[in-house]
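Trainee: structure here, sequence nowhere to be found:
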């Protein structure tokens, strides 16, 4: 996943807005991006807790059935960076689609967190 993240960052930062500093690009992210990032963290934390307790198995084929805590953290960071880079790309190339991108991915993320909570607390 690190190659995908590196490619996403390179694409996002090589855009016309690439002259901005990374700090400015992060400040320019919409509030919805932080909702997605929070859901991403919640997903990894709940999944990791569930795995360590032995009451569930990971369903993401890229992570395997019982990934280590380190692998979960790395996946969360890679997904978060890739998503933020995707948002930056939309801001540069299709500003009208940013809201749809964010709402769509937040909806999926909320569904995943809800599913995790259902499995975690049954």
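Mentor: Now that the structure is in, tell me what you want to look at. All values derive from a computational prediction rather than experimental measurement.

Trainee: pLDDT weak spots in this protein?
Mentor: 1-18 (pLDDT under 70).

Trainee: and the longest helix seen in the chain, what does it pack onto?
Mentor: Assignment by DSSP state H gives helix 69-93 as the longest helix of the chain. Secondary-structure packing of helix 69-93 (3 or more CB pairs under 8 Å, 6 or more residues apart in numbering; DSSP states H and E): helix 2-13, helix 31-53, helix 98-120. The C-beta positions use only the backbone N, C-alpha and C, and glycine is treated the same way.

Trainee: from the chain's centroid, how far away is the second one?
Mentor: When C-alpha coordinates are averaged (CA atoms, centre = their mean, to the nearest Å), helix 31-53 and its chain have centres 9 Å apart.

Trainee: ok and that helix relative to helix 98-120, angle-wise?
Mentor: Computed by axes from the mean of the first three to the mean of the last three CA atoms, to 10 degrees, the angle separating helix 31-53 from helix 98-120 equals 20 degrees.

Trainee: residues making contact with helix 31-53?
Mentor: Residues from elsewhere that reach helix 31-53, judged by CB atoms under 8 Å, 6 or more residues apart in numbering: 56-58, 66-67, 69, 72-73, 75-76, 79-80, 83-84, 87, 99, 102-103, 105-106, 109-110, 112-113, 116-117, 119-120.

Trainee: mind listing what's buried in that helix?
Mentor: 32-33, 35-37, 39-40, 42-44, 46-48, 50-51 (16 or more other CB atoms under 10 Å).

Trainee: and for stretch 21-32?
Mentor: 25, 29, 32.

Trainee: then stretch 53-63?
Mentor: Those buried within stretch 53-63 under the rule 16+ other CB under 10 Å are 56, 58, 63.
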